[in-house]
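# After the sequence you'll find the predicted model.
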Amino acid sequence: MDVLLDPSSWIALLTLTLLEIVLGVDNIIFISIVSNKLPAETRSRARITGLALALIMRVAMLLGITWIIQFDEPLFTLAGTEFSVHDIILSLGGLFLLYKSTLEIHHKMEGAPKKESHLKNVSVGGVILQIILLDLIFSFDSILTAVGLTDELTLMITAVIISIGVMMLFANKISDFIGNHPTLEVLALSFLILIGFMLLVESFHYHVPKGYIYFAVFFSLLVEMVNMRIRKKKTEPVKLKKRLEE
Amino acid sequence: MIRKLIVLYRKYEAYVRVDLIMYAAMILMIIIYFLYVTLFE
């Protein structure tokens, strides 16, 4: 827990939390669409229960993946480089982040949203199950982002808890803000490309100081804040395409 | 329960396919690692 008292860790925590929140907007939209099938009086309860259970699953996944990454005995040698389970997971994770974030950017720019079918007779339990499963599956890139941005498990878990807490409390405000500033969403996906590339490089035993990523993230955000201030809503923002619509 | 999961999978297949492949790859990695450690060490 001492790591949370270290100022240099706060930058990692802030970066990770911001990325988790921005990337969690799509999860919020999915969860809203799924939970809107319920009557109004049970909707909020299903959302909060689903997110709380999803939080527990995410923390369990973080613990699991940090445990697996400890397996650093060499399994085989390729081109003079020894590869362990740690290296294979970093390389697979890096490739996955590169692919997924490129695909997401493509879908947001050019994809056709799918209309969600309206099902009757959904139960609270069924909706909660859908929320948990969808969040668990979609959180894989968040977990890999956490692994790529910091080595401290405490920071990863803290960032996940804060981001899910923020999603529970401010879901609508965050999705409205991101909807009005789509550049932030595209920037976050671009950061995932950077983190994915960094994971890939690290899997070949080239250590990249995390400070490079933190600098890139905060510099880009600073430039975007200046842009937002200058533009001051003179024009309507571009509406990024959603994967799923009601 | 299994049927519900299959229905959910078919409904969201396009969105979750890559993530599920990644999960399967991770699980396979763990199994291969433990087999390797058990058989060769």
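Arrived safely, thanks for sending.
# Disregarding flanking residues, what is the spatial nearest neighbour of the spatially most central residue of chain A?
The centroid of chain A falls nearest to A:Ser142 when counting by CA atoms, centre = their mean (3.5 Å). Of all residues not flanking A:Ser142 in the chain, A:Glu20 sits nearest, at 5.5 Å (CB to CB, 6 or more residues apart in numbering or on different chains). Glycine gets a C-beta too; all of them are placed from N, C-alpha and C.
# and the residue nearest to the centre of chain A, how far is that from chain B?
From A:Ser142 across to chain B, the span is 11 Å (CB to the nearest CB, to the nearest Å).
# Now that residue: which helix or strand?
Secondary structure from DSSP states H and E places A:Ser142 in helix A:140-149.
# what's that helix packed up against?
helix A:7-23, helix A:40-68, helix A:85-110, helix A:153-180, helix A:182-203, helix A:211-231, helix B:2-40 (3 or more CB pairs under 8 Å, 6 or more residues apart in numbering or on different chains; DSSP states H and E).
# mind checking which of those is nearest A:Phe138?
helix B:2-40 (6.6 Å; CB to CB).
# What pLDDT does the model give A:Lys233?
On pLDDT, A:Lys233 comes in at 62.
# ah, wrong one, I meant A:Leu200
For A:Leu200, the predicted pLDDT is 91.
# Not counting its neighbours along the chain, what's nearest it?
Of all residues not flanking A:Leu200 in the chain, A:Gly94 sits nearest, at 3.4 Å (CB to CB, 6+ apart).
# Report the separation between the one you found and chain B.
11 Å.
# residues touching that residue, list them.
A:144, A:148, A:196-203 (CB atoms under 8 Å, 6 or more residues apart in numbering or on different chains).
# Repeat the analysis, applying 6 Å as the threshold.
A:196, A:199-200 (CB atoms under 6 Å, 6 or more residues apart in numbering or on different chains).
# Buried residues, stretch A:160-175. List them.
Neighbour-count burial for stretch A:160-175 flags A:160, A:162-164, A:166-168, A:171, A:174-175 (criterion: 16 or more other CB atoms under 10 Å in any protein chain shown).
# in which helix or strand would I find A:Leu240?
Per DSSP H and E: A:Leu240 is located in neither a helix nor a strand.
# Identify the residue spatially nearest to it, adjacent ones excluded.
Spatial nearest neighbour of A:Leu240, chain neighbours left out: A:Lys108 (4.2 Å); criterion: CB to CB, 6+ apart.
# hang on, the one you found packs against A:Leu189?
No. If you go by CB atoms under 6 Å, A:Lys108 and A:Leu189 don't touch, sitting 7.7 Å apart.
# I am finished for the moment; much appreciated.
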